[in-house]
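Undergrad: here are the coordinates; sequence isn't available:
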């Protein structure tokens with residue numbers, strides 16, 4: 001998977017996770033809040049992977 005794809009999927013997971021957390025909070029559903037938090041963290045990790053791939057590519061391009 002490319003770096004841009006990782007970053008886009010990460011942003012999407014973060015957004016969905018935030019929505020789940022909000023709905024969970026509004027409906028007093030701790031399970032949904034927890035799912036949202038996990039999905040948000042997954043999105044953050046995907047974005048970090050995309051950024052790391054970018055950094056590696058830039059380093060290889062300079063070499």
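TA: In hand now; what should we look at? None of these values were measured; they are calculated from a predicted model.
Undergrad: surely residue 35 is in contact with residue 24?
TA: Yes. With contact defined as Cβ atoms under 8 Å, residue 35 counts as touching residue 24 (7.4 Å). To be clear about C-beta, it is placed using only N, CA and C from the backbone, and glycine gets the same treatment.
Undergrad: show me where pLDDT drops low in the chain?
TA: Applying pLDDT under 70 to the chain flags the ranges 63.
Undergrad: can you pull up the most central residue in this structure?
TA: residue 43 (1.1 Å; Cα atoms, centre = their mean).
Undergrad: what sits against it?
TA: Taking Cβ atoms under 8 Å, 6 or more residues apart in numbering as the criterion, residue 43 is in contact with 9, 10, 11, 12, 13, 14, 15, 16, 17.
Undergrad: of the residues you listed, buried ones?
TA: Neighbour-count burial (16 or more other Cβ atoms under 10 Å) applied to those gives 9, 10, 13, 14, 16, 17.
Undergrad: quick one: which of the residues you listed is nearest to residue 54?
TA: Proximity of the buried ones among the contacts of residue 43 to residue 54 was ranked by Cβ to Cβ; the top entry is residue 10 with 12.6 Å.
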